[in-house]
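>>> Build me a structure from this.
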Amino acid sequence: MNDISIQNRIEALAGSPVGKEQASGGKDSSFGTALETAIGEVKQFREEADQAVRNLALGKEENIHHTMIALEKAEVSFRLMMQVRNKIVAAYEEIMRMQV
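Here you go, the predicted model:
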């Protein structure tokens, strides 16, 4: 199982201006791409947790600890994703309240 590497992506995005690499024809490192990748990782953790539960139910896995760890990873990554979403929505609402 992979660890969530959102912090590394955030640090990379904070270090370079948005769209800088896109304009030069380099690798796309926009916020949207980082967010899409993070959501993909959350989906992967959920799928791994589902598979771990299936394996435990079918008797392929006898160690319940691995199953519980997979479930907790999926839950924590989902909670983190929801908090990021909430912060994005709050920032959007704050920008919309600004008077020009």
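
>>> following the helix or strand of the chain with the lowest mean pLDDT, which helix or strand shows up next?
Using mean pLDDT, DSSP states H and E, helix 20-23 stands out as the lowest-scoring helix or strand of the chain, at a mean of 46. Sequence-wise, the next helix or strand downstream of helix 20-23 (DSSP states H and E) is helix 31-58.

>>> Low-confidence regions, this protein specifically.
Within the chain, the set of residues satisfying pLDDT under 70 comprises 1-28.

>>> Okay, the residue most central in space within the chain and residue 74: tell me how far apart.
The structure's the chain has its C-alpha centroid closest to residue 38; by C-alpha atoms, centre = their mean the separation is 2.8 Å. Residue 38 is 14 Å from residue 74, where distance means C-beta to C-beta, to the nearest Å. Just so you know, the C-beta spots here come from the backbone N, C-alpha and C atoms, and that holds for glycine as well.
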